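Asks: Provided below for reference: sequence and predicted model.
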Protein chains: 2
Amino acid sequence: MALYVQKFGGTSVGDPDRIREVADHVARCRKRGDEVVLVVSAMGKETDELLRLAEQVSTSKPGREMDMLITGGERKACALVSMALHDRGIESASFTGSQAGFKTDTTHRNAKILDVNPYRIREALDAGKVPVVGGSQGVSSDNDVTFFGRGGSDTTAVALAHALGADACELYTDVPGVFTTDPRLVPDARKMDHISFDELLEMTATGCPKPAMRSVELARSHGVTLHVRSAFSWVPGTWVTEEAPMERAIISAITHDTSEAKMTVSGVSDRPGVAALLFRRLADAEVNVDMIVQNVSAEGRTDISFTLPHEQVAVAASAVTSITDELGADAVITDDDIARVSLIGAGMQTNPGVAATMFETMSAHGINIEMISTSAIRISCVVREAQAEDAVAALHAAYELDKAPEDRIDV
Amino acid sequence: MALYVQKFGGTSVGDPDRIREVADHVARCRKRGDEVVLVVSAMGKETDELLRLAEQVSTSKPGREMDMLITGGERKACALVSMALHDRGIESASFTGSQAGFKTDTTHRNAKILDVNPYRIREALDAGKVPVVGGSQGVSSDNDVTFFGRGGSDTTAVALAHALGADACELYTDVPGVFTTDPRLVPDARKMDHISFDELLEMTATGCPKPAMRSVELARSHGVTLHVRSAFSWVPGTWVTEEAPMERAIISAITHDTSEAKMTVSGVSDRPGVAALLFRRLADAEVNVDMIVQNVSAEGRTDISFTLPHEQVAVAASAVTSITDELGADAVITDDDIARVSLIGAGMQTNPGVAATMFETMSAHGINIEMISTSAIRISCVVREAQAEDAVAALHAAYELDKAPEDRIDV
C-alpha cells in the first residue's frame, strides 16, 4: 500500500463532469489499495472571476481581503470533490489550508509556508478517509487567511507529501507530462518519461509553464518524487527525481519565453564600478534582471544590455534614467520584441559540440543570436520574438528530440 | 457615539454596484461618529448556485461538505465589502464566522450557536476598524465549518449585537420595513414605524418572510433592539422593541401563508386517547402540525383536521395510514389548496369586536372560513387558497391599516 498526494489543477476540476471523473479516478486508486490525499485548485476560471469582482469594487484591494476572497475558490472545489467521493462510497472530508495545518508568514497574496502540521489529515487517513485539501492557502501567524499565489496548489501538494512522508506527489494537469518542447509549436514534441529536478527547474525558469517553479524547488529540497501527469487521459506522465536514469540523453528539452524585454544602456563609461552602480540601482527598484551582456569596449565607452520582465520596463527605465549622468550613458533603449530560446540538458559542459550545434542550427535558419547565457545544464539565446517558434522547431529537429533517447545521434 | 451591527442581505450586496452603495452608507454612518460592525449574506443568488453545483456532483451531499461549500458565499461577500470600504479610506477587516468567535454544535446545515466570543471584532473596533463578518456560519466543537441555514445571517447579526452590547441591530434588506400586510397584494399596505417582538414573531410564524423568525426569537430573548430597513432607499424602517409605543393600534398587520396543506382524518372513534395517538405518531414522524380542529361528534365518530407543510404531506399520510385501524378512521383526505390568513395585534382578547369584524368581513366577501385558531395576539383562519388574496385586501381595508394608527376607527 502506497500513499500518494494527488493535486488536481483548475482545468482538472473545471466543471461537475470533471469533478466526477476525478472521483472515479480516486475510486480506482483506492481499489488498488493505495492511500490518497487530494489537493485541489479553484475550478476553471474561478480565480480570474474573483479577481475581476475585486477589481469592480476596489482599487486598493488590500492583501488580507484579497486572500480571504481568492482562497474561497479552492475551498469551494475541495468541498465539491469530497461530496463526489461520498457518492462513490468513499469516506472523505474536505480541509481548508488552515485545517490541514499550513502555517504561513503574513505576506498576503504570496505567503510563505512556515510550518506544516497535518495532524487532521493523518487522523482522516487513519480513519480510512480520503482527505481533500484546498490548495495554495494557510493561516498566518496573525490568524488571518493567506494565499500562496497563483500556482500555489502545487506547493501545497509537495509540502503535504513531504510532511506525510508520501511515496510520491502526483501533479494532475491538462497536459500529459513534461515535453521536450512546447507541443503547440512542435507537433512531434515528445513526452519525457523521466527528468531530473535540476533540468525541470531550468525548464520552468525559461518558459515551461507547468509545474510551478516554486513547487519544483520545494520537491528538490526535500527529495519529494514528482509525477506530472494528465487528469484527462489518466495514463502515466513524467517522473521527476533526483537523478534521471543512466541511459539518458545529453539534451532533454527546448523551452522558449516571450515574457521578457531587452533594455540597452548605450555609451556608458567603461570603468570599474559602472555596472555595479547600474545593477544595484535596478535591484533597489526590485527589477528582476535576468541575462546581462556587455559589449566590447570602443574608445572607453561600451553598451550594457539586459533582459527583464515586460511589466517592469517602466520602473527600470525610470531607475536607469535617474543615473544616466553618473553612468555617463547617452541613451536607454527598450526592445519589447525579443524571445529567449533555451536548450536544457545534463553534461553539456563536457560536450562542447552541444553549443556549436545550437549556434549552427540557428545560423542555418537565418536566426540572429543577440545575447547568450549559459549554466551547467542550460544554454539560452535571445532572438527576435518573430523567429522564436522557428528556432524552437529547428533545434528540436537538430537534436532529434522527437526520437526516444537511445535512438538519437550524438551531437 | 453609538455602536450598530448592520446586516446586509443577499440582494443588498448582490453586485459590485450594490457593494459600493453599502460602503458609501457605512462611510456616512462613520462620518456621523457611529461605530459599525457589518454582517453580510452571500451575494444575490450565489447560495442557490452553490446548491445547484452540489446537486450536479453528488446525491448524498454530506452536511459537513455542504457547509464548507455554502459558507464560502458569505465569506466572498465579506471580503469584497471590506475591500470596498478600504477604497473609501475606511480601515476594515473581514472575518469568517469562526474568526468572529461563533462556536456551534455539530448539526451541519442547521447549526446552533453555543457561544459567541467576538474578541477579534472588539480588537478591530478598538483599532478604529469596521469589521465585516460572514453571516450564518461558525466553527463546531469538532473544528469543522458549520452553517446556520438559510436566513442565518440575521441570527449572526443579532447574536453579535448582543455579545458586543450594541445599541441596535439593523437588518438591511430589499424592503423598506415591516408592512401591515404584503404590499405586493395590497398596494396601500403601510410600513409600520414600530412593532413589538411578540407581534413580529407571530407575523413571521404566519407568512411574513423577513426577518428570519429565529433571529427575532433571539433578539426577543436578549432584548436586542432591531431595526428592519431598506438597503435601497436608506430611509428609516421599522423598529422592533420589547413594547411598542403607548399610542399603538390594536391591530398591527395581516399576514397570509400558502405553504401549508390540510389533512383530514375522518370518521375516527370519539373516545379518549384517539387524538393523543394520532399526534404522537405524527410527532414521531417529525411532522410539524400547526392548526388542529376537531368536529362536533356525531354517532360516536368525529373528523380531525390539521394543517402541515406541503412537503411533509407524504410522510404524514403514511404515518396516519399505519394507524387507521387503531384510530377507527375510515379515510385520510389531503387538501393542498388552502391558505392561512392571520390578523396580528395586541389586546385582541380584551376587544371581542376584533374577531367579530374579521369574521363579518370574510362573510361579506363570500369567503368561507374552514378552520380558526387564536393566540393572545393573533387570529388565524384557513380559507380556500384562491380566496386568500381577496381576504387579505378586505381585512386590510376593514381595519383601516392603510391609515396612521391614530386615524383608525375603533373596531
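Replies: The structure has been received and is ready for your questions. Not measured: the values here are computed from a predicted model.
Asks: Restrict stretch A:158-176 to CA atoms and write it as PDB.
Replies: Output of stretch A:158-176 as PDB, limited to C-alpha atoms (Å, rounded to 0.1, in the frame of the first residue of the first chain):
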ATOM      1  CA  VAL A 158       4.600  19.000  -2.400                       C
ATOM      2  CA  ALA A 159       4.700  20.300   1.200                       C
ATOM      3  CA  LEU A 160       2.000  17.900   2.200                       C
ATOM      4  CA  ALA A 161       3.700  14.900   0.500                       C
ATOM      5  CA  HIS A 162       6.900  15.800   2.400                       C
ATOM      6  CA  ALA A 163       5.100  16.200   5.800                       C
ATOM      7  CA  LEU A 164       3.100  13.000   5.400                       C
ATOM      8  CA  GLY A 165       6.100  11.000   4.000                       C
ATOM      9  CA  ALA A 166       4.100  10.200   0.900                       C
ATOM     10  CA  ASP A 167       5.600   7.800  -1.700                       C
ATOM     11  CA  ALA A 168       5.100  10.400  -4.400                       C
ATOM     12  CA  CYS A 169       3.400  13.700  -5.200                       C
ATOM     13  CA  GLU A 170       1.300  13.500  -8.400                       C
ATOM     14  CA  LEU A 171       0.500  16.700 -10.200                       C
ATOM     15  CA  TYR A 172      -2.500  16.100 -12.400                       C
ATOM     16  CA  THR A 173      -2.900  18.700 -15.100                       C
ATOM     17  CA  ASP A 174      -4.300  19.300 -18.600                       C
ATOM     18  CA  VAL A 175      -1.100  18.100 -20.300                       C
ATOM     19  CA  PRO A 176       0.200  14.500 -20.300                       C
END
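Asks: Report the mean per-residue pLDDT for that stretch.
Replies: Averaging pLDDT along stretch A:158-176 yields 96.
Asks: just checking, next helix/strand downstream of the helix or strand hosting A:A79?
Replies: In the assignment (DSSP states H and E), A:A79 maps to helix A:63-87. Under the assignment DSSP H and E, the closest C-terminal helix or strand after helix A:63-87 is strand A:92-95.
Asks: picking up where we left off before, do the helix holding A:A79 and chain B meet?
Replies: Yes. Using CB under 8 Å from any CB of the partner chain, helix A:63-87 reaches chain B at A:64-66, A:68-69, A:72, A:75-76, A:78-84, A:86-87. Where you see a C-beta, it was placed from the backbone N, CA and C, and this is true even at glycine.
Asks: Which part of the stretch 301-411 of chain A gets nearest to chain B, residue-wise?
Replies: Nearest to chain B, among the residues of the stretch 301-411 of chain A, is A:E311, at 22.5 Å (CB to the nearest CB).
Asks: What's the local residue count around that residue?
Replies: Using other CB atoms under 10 Å in any protein chain shown, A:E311 has 9 other residues around it.
Asks: Shouldn't it be within a helix?
Replies: Yes. Applying DSSP: H, G, I helix; E, B strand; the rest coil, one finds A:E311 inside a helix.
Asks: I'd guess A:H227 is in a helix, am I close?
Replies: No. Per three-state DSSP, A:H227 lies outside any helix segment and is strand.
Asks: Would you list the buried entries among the residues of helix A:63-87 next to chain B?
Replies: Taking 16 or more other CB atoms under 10 Å in any protein chain shown as the criterion, what is buried in the residues of helix A:63-87 next to chain B is A:64-66, A:68-69, A:72, A:75-76, A:78-84, A:86-87.
Asks: Might you list the low-confidence residue ranges for chain A?
Replies: A:244-249, A:347, A:349-350, A:352, A:410-411 (pLDDT under 70).
Asks: From chain B, how far out is the residue lying farthest from the centre of it?
Replies: Taking CA atoms, centre = their mean as the measure, the residue most remote from the mean C-alpha position of chain A is A:E299, 43.3 Å away. Counting by CB to the nearest CB, to the nearest Å, the separation of A:E299 from chain B is 55 Å.
Asks: Can you name the residues that contact the residue of the stretch 151-300 of chain A found nearest chain B?
Replies: Per CB to the nearest CB, A:A231 is where the stretch 151-300 of chain A lies closest to chain B, at 15.5 Å. Counting by CB atoms under 8 Å, 6 or more residues apart in numbering or on different chains, A:A231 makes contact with A:8-9, A:11-12, A:18, A:21-22, A:25, A:172-174.
Asks: Now do stretch A:166-179: distance to the chain's middle.
Replies: Counting by CA atoms, centre = their mean, to the nearest Å, stretch A:166-179 is centred 13 Å from the centre of its parent chain.
Asks: Span of it from start to end?
Replies: Counting by CA to CA, to the nearest Å, you get 25 Å between the two ends of stretch A:166-179.
Asks: Please apply the same query to stretch A:145-154.
Replies: End to end - CA to CA - stretch A:145-154 spans 18 Å.
Asks: Only whichever of the contacts of A:A231 are buried, select them in PyMOL.
Replies: To isolate the buried ones among those in PyMOL, judged by 16+ other CB under 10 Å, type:
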select buried, chain A and resi 8+9+11+12+18+21+22+25+172+173
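Asks: Which parts of the stretch 151-300 of chain A are helices?
Replies: Along the stretch 151-300 of chain A, the stretches classed as helices by DSSP state H, counting those that start in this stretch are A:152-164, A:197-205, A:213-222, A:274-284.
Asks: looking at those, which is closest to B:E35?
Replies: For the helices of the stretch 151-300 of chain A, proximity to B:E35 was assessed by CB to CB; helix A:152-164 is nearest, at 36.4 Å.
Asks: Identify all contacting residues around that closest one.
Replies: With CB under 8 Å, 6+ apart as the criterion, helix A:152-164 contacts A:3, A:5-7, A:9, A:37, A:39-41, A:74, A:97, A:100-102, A:113, A:116-118, A:121-122, A:125, A:133, A:135-137, A:148, A:166, A:168-169, A:171, A:211-212, A:214-215, A:218-219, A:222, A:224, A:226.
Asks: What subset of those residues is buried?
Replies: So, by 16+ other CB under 10 Å, the buried ones in the contacts of helix A:152-164 are A:5-7, A:9, A:37, A:39-41, A:74, A:97, A:100-102, A:113, A:116, A:118, A:121, A:125, A:133, A:135-137, A:148, A:166, A:168-169, A:171, A:211-212, A:214-215, A:218-219, A:224, A:226.
Asks: Count residues in the vicinity of A:E260, would you?
Replies: 24.
Asks: That one against A:L308, yeah?
Replies: Yes. In this structure, A:E260 is within contact of A:L308 by CB atoms under 8 Å, at 6.3 Å.
Asks: joint contacts of these two?
Replies: What both A:E260 and A:L308 touch, as defined by CB under 8 Å, 6+ apart, is the set A:D290.
Asks: so of the contacts of helix A:152-164, which ones are in strands?
Replies: The strands, defined by DSSP state E, take in A:3, A:5-7, A:37, A:39-40, A:102, A:113, A:116, A:133, A:137, A:168-169, A:171, A:226 from these.
Asks: which bits of chain A sit near chain B?
Replies: Residues of chain A lying near chain B (CB under 8 Å from any CB): A:16, A:19-20, A:23, A:50, A:53-54, A:56-62, A:64-66, A:68-69, A:72, A:75-76, A:78-84, A:86-87, A:92-94, A:96, A:99, A:120, A:143, A:145.
Asks: related to what we said a few turns ago, how near is the residue of the stretch 151-300 of chain A closest to chain B to B:G138?
Replies: Relative to B:G138, A:A231 is positioned 34 Å away (CB to CB, to the nearest Å).
Asks: hang on, A:S82 packs against A:S94?
Replies: Yes. Between A:S82 and A:S94 a contact is recorded at 4.1 Å, counting by CB under 8 Å.
Asks: Now for the two: what residues contact both?
Replies: The contact lists of A:S82 and A:S94 share A:132, B:65, B:68, where a contact means CB under 8 Å, 6+ apart.
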